[in-house]
Structure formats: C-alpha cells, structure tokens
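> Dropping the sequence and predicted coords here.
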Amino acid sequence: MILEHSKNFEKVRKYFEENFWNENRIHLAVGRWITEEEYEEITGKAYQNPVT
C-alpha cells in the first residue's frame, strides 16, 4: 500500500530533518502545507491543536 502525502510533505520533512525548521514551525504548517497525520509522521509526536 502506497501512502500519499501532501504536495509539500517531503519539503517540510527535509526542512525539519536538516534543522531549518523546528517543531513549532512544523506545527504552523499543519493545514497549510501538511496534514495533522503528516505532522505526527515527521515529528514522531501527536499533533495538539493550539489553545485559543
């Protein structure tokens, strides 16, 4: 089974792995560049909605 990722998933993952973006920046990309599930895949942590 092939898992399809968002258009920018690989770019965001690379930025995180190369320490260009921190976890907070990845969190801000959710809903814009990546999905909540992709956030979890990239960071290894559960996505938490920000408290408003």
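Received the coordinates, thanks. Numbering: from 1, shown residues only.
> Phi first, then psi, for Ile34.
Dihedral angles phi and psi of Ile34 (degrees, to the nearest 10) take the values phi -140, psi 170.
> what number of residues lie near it?
Applying other CB atoms under 10 Å, we find 24 residues neighbouring Ile34. From N, CA and C alone the C-beta is placed, and that goes for glycine too.
> Report the central residue of the protein.
The residue lying closest to the centre of the chain (CA atoms, centre = their mean) is Tyr39, at 3.1 Å.
> Low-confidence ranges, this structure, go.
Screening the chain residue by residue with the criterion pLDDT under 70, one finds the ranges 1-2, 51-52.
> would you list every one of the strands in it?
Counting by DSSP state E, one finds no strands in the chain.
> hmm, back to that, I'd like to know how far the residue nearest to the centre of the chain sits from Leu3.
Taken as CB to CB, to the nearest Å, the spacing of Tyr39 relative to Leu3 amounts to 14 Å.
> Next up, the contacts around the residue nearest to Ala29 when sequence neighbours are not counted.
In this structure, Ala29 finds its nearest non-sequential neighbour in Val12, 5.5 Å apart by CB to CB, 6 or more residues apart in numbering. Val12 makes contact with Trp21, Ile26, Ala29, Trp33, Ile34, Glu38, Ile42, according to CB atoms under 8 Å, 6 or more residues apart in numbering.
> Highest neighbour count among those residues?
Ranked by neighbour count under the definition other CB under 10 Å, those are headed by Ile34 with 24 neighbours.
> which residues sit in contact with it?
Under the criterion of CB under 8 Å, 6+ apart, the contact partners of Ile34 comprise His5, Ser6, Asn8, Phe9, Val12, Ile26, Ile42.
> Out of these, name the ones that lie in helices.
Within those, membership in helices is found for Phe9, Val12, Ile26, Ile42, as judged by DSSP state H.
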